[in-house]
Structure formats: structure tokens, C-alpha cells
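**Student:** Below: sequence and its predicted model.
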Amino acid sequence: MADLGQRSACGQHCGGRAVTTLPAWAGRLPDGRTYNTCPSAGICRHVCYARHGTYLWPTVRAKHQANLIFVLDDPAGWEQAMLAELAAPKFRGRFVRVHDSGDFFSDDYTRSWLRIMRSAPDVTFYAYTKEIHRFRRLVEPDPPENFLWVYSYGGTQDGRIDAATDRVADVFADEQAIAEAGWSSQEASDLLAVLGPRLVGVPSNRIPHFLRRLQGRRFSQWQAEVDAEREARRGTGRVRSITSAPSLRRRDGRRTDTHAA
Ligand code: SF4
């Protein structure tokens, strides 16, 4: 079996579309190996919903880790298993989200997905990713026709995103903040992230300790602050501007979801 689930493990944002899943960010497998499935995660890892709640249940975590072990130990077998699963009639004409947690963590893994997509033309794949540089090199020059993606803020490669031309997703405090910025919410359907307007707003969810960390900021804003502090410590003095970011404000009591890996 591959890892293609019928249910959405990311709640309302996937609306029941098929989703593939890896364990989020960094951890240790039962055999002692360490991993990082989100090598470009930045501030998002501090408020990652996939490192919270049901995702931490032992059975859920074991399933996600088993998916990763399959990918790592038998990539060719995993690729074949994915193709076999996607060949089922029930996937014809459907959307499959690549990852509700984890990201395109290596070139080889990304190339595997590109082959899978090209071998399953009746399925439309979509993904959020923070692997901007990898996509610029491996995906953008010749993307599969049935693949849609959105670059998401909150990662160490935010500075590589061009908000003037790229399809981009940012996490906001709430719907009002999205509207004030002139972005479009994907709250009604996760597919709006790739089918709706290019500037995609994701309302945060209400996990209280995540809200405290977020402090009403957009992910892009928070990441830019962290990047600026790092640059200042290095003494370079370079500061990255944030496109149309609202003024800093605190909005407690709202949702803080955030994958957008
Ligand atoms: S929010 Fe996404 S990219 Fe960030 S750590 Fe979680 S799963 Fe990884």
C-alpha cells in the first residue's frame, strides 16, 4: 500500500479530497534514523498544526512514519504503489493534494512525484510548498500539465518568492485581515489555493498557544522579522520588505491553522 488516503487529515481545508501524508518537519524513526521532511520550514514549524492534536496520536504518527519509511527505503516500490493506487477508477477526474504535512524534501523525491503525475494524467495534483528553489530548478522549467502548486510563506526561502508573479499563500490572523490586505481566502475550499485568485489568504485557527506565538502577524511578516533579526546579528543590515503586509496587531481568540507546507 502507498500512502494515498481518502480522508482529509487536514480537516476542512482539504474538504475530503484525497491527500498524501508524511510526518511533519523533523523527528526520529523507530529504527533511530532522523529525518526532516520540511527542510525549508521556518516560523511555520512553531505553529504547525501537523505537530499538534491528532497528528501526535501514536497510531497516526506511526502511519505517517510508515509512509516516510516506504519512500526512503524503497522509492521505486513506493512510486509503483502510488501509481497502482492512482489507477483505480475512483481517482479519475479527481484532485489529489500532495502532502497535508511534510514537503518535497529532496530532489529525488520531487522527481518521483513528477513521474507519478505524468503517469496519471486523469488525476490533478496540487500542493503547497516552501521548496521554492527546488521548484524553480526541477518543476517550473517543465511542469506536468496536471500539477498545480502554490508557494507558501513562513519558510526559510521566503526571500525567493516573488509575490508580484508567483501564486502565493500566506497565513493571516483571520478573514478580516485577509480582506484588508486584498487577498482571497481559501477557507471555502482548499482548491481555491490553486484554482482561485493568485494571492491566497489562509485564516489561522484557534489553537491557543499557537495564537499567542502568532501575535496577529501574517506568516510572511513573522518570517521577515526573524530573517531581519538573523541578518542584524550577522551584521549585514539587510532587511527584506514584505509585500502589502498589514500593520502588526494582536487578534486573540481566532483560528491558527497553517499548513501550507
Ligand atoms: S507548516 Fe508545513 S512546512 Fe511547516 S513544519 Fe508544518 S508541515 Fe512542515
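**Tutor:** Looks like it arrived, so ask away. Given the structure is predicted, the values throughout are model-derived calculations rather than measurements.

**Student:** how close does residue 155 get to residue 190?
**Tutor:** For residue 155, the distance to residue 190 equals 19 Å [C-beta to C-beta, to the nearest Å]. For glycine as for every other residue, the C-beta is placed from the backbone atoms N, C-alpha and C.

**Student:** Beyond the helix or strand that contains residue 209, next helix or strand please.
**Tutor:** In this assignment (DSSP states H and E), residue 209 forms part of helix 208-214. On the C-terminal side of helix 208-214, the nearest following helix or strand under DSSP H and E is helix 219-234.

**Student:** Report all helices and strands that that following helix contacts.
**Tutor:** The helices and strands touching helix 219-234, judged by 3 or more C-beta pairs under 8 Å, 6 or more residues apart in numbering; DSSP states H and E, are strand 168-172.

**Student:** Tell me if the strand it packs on is near the ligand.
**Tutor:** No - with C-beta under 6 Å from any ligand atom as the measure, strand 168-172 is seen stopping short of the ligand, the closest distance being 8.9 Å.

**Student:** so for that strand, what's the average pLDDT?
**Tutor:** Across strand 168-172, pLDDT averages out at 97.

**Student:** Between helix 219-234 and it, find me the angle.
**Tutor:** Computed with axes from the mean of the first three to the mean of the last three C-alpha atoms, to 10 degrees, the direction of strand 168-172 lies at 90 degrees from that of helix 219-234.

**Student:** okay, now residue 193: neighbour count?
**Tutor:** 26 (other C-beta atoms under 10 Å).

**Student:** same deal with the one 5 residues further on?
**Tutor:** Residue 198 is flanked by 15 other residues according to other C-beta under 10 Å.

**Student:** right, and it touches residue 169 too?
**Tutor:** No - the criterion here is C-beta atoms under 8 Å, and residue 198 misses it with residue 169 at 9.9 Å.

**Student:** Now residue 34. Nearest residue, chain neighbours left out?
**Tutor:** Of all residues not flanking residue 34 in the chain, residue 28 sits nearest, at 5.2 Å (C-beta to C-beta, 6 or more residues apart in numbering).

**Student:** my guess is that neighbour meets residue 36, correct?
**Tutor:** No - proximity of residue 28 to residue 36 does not meet the contact threshold set by C-beta under 8 Å, at 10.7 Å.

**Student:** which one of the two has more residues nearby?
**Tutor:** residue 36 (17 against 10).

**Student:** how near is residue 224 to residue 70?
**Tutor:** Distance from residue 224 to residue 70, counting by C-beta to C-beta: 37 Å.

**Student:** How about residue 39?
**Tutor:** According to C-beta to C-beta, residue 39 stands 19 Å off from residue 70.

**Student:** hang on, the earlier thing: for the helix holding residue 209, C-alpha coordinates in CSV please.
**Tutor:** The C-alpha trace of helix 208-214 is given here as CSV (Å, rounded to 0.1, in the frame of the first residue of the first chain):
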residue,chain,number,x,y,z
PRO,A,208,-4.5,28.9,21.9
HIS,A,209,-0.7,28.5,22.3
PHE,A,210,-0.2,28.9,18.6
LEU,A,211,-2.2,32.2,18.7
ARG,A,212,0.0,33.5,21.4
ARG,A,213,3.0,32.9,19.3
LEU,A,214,1.4,34.3,16.1
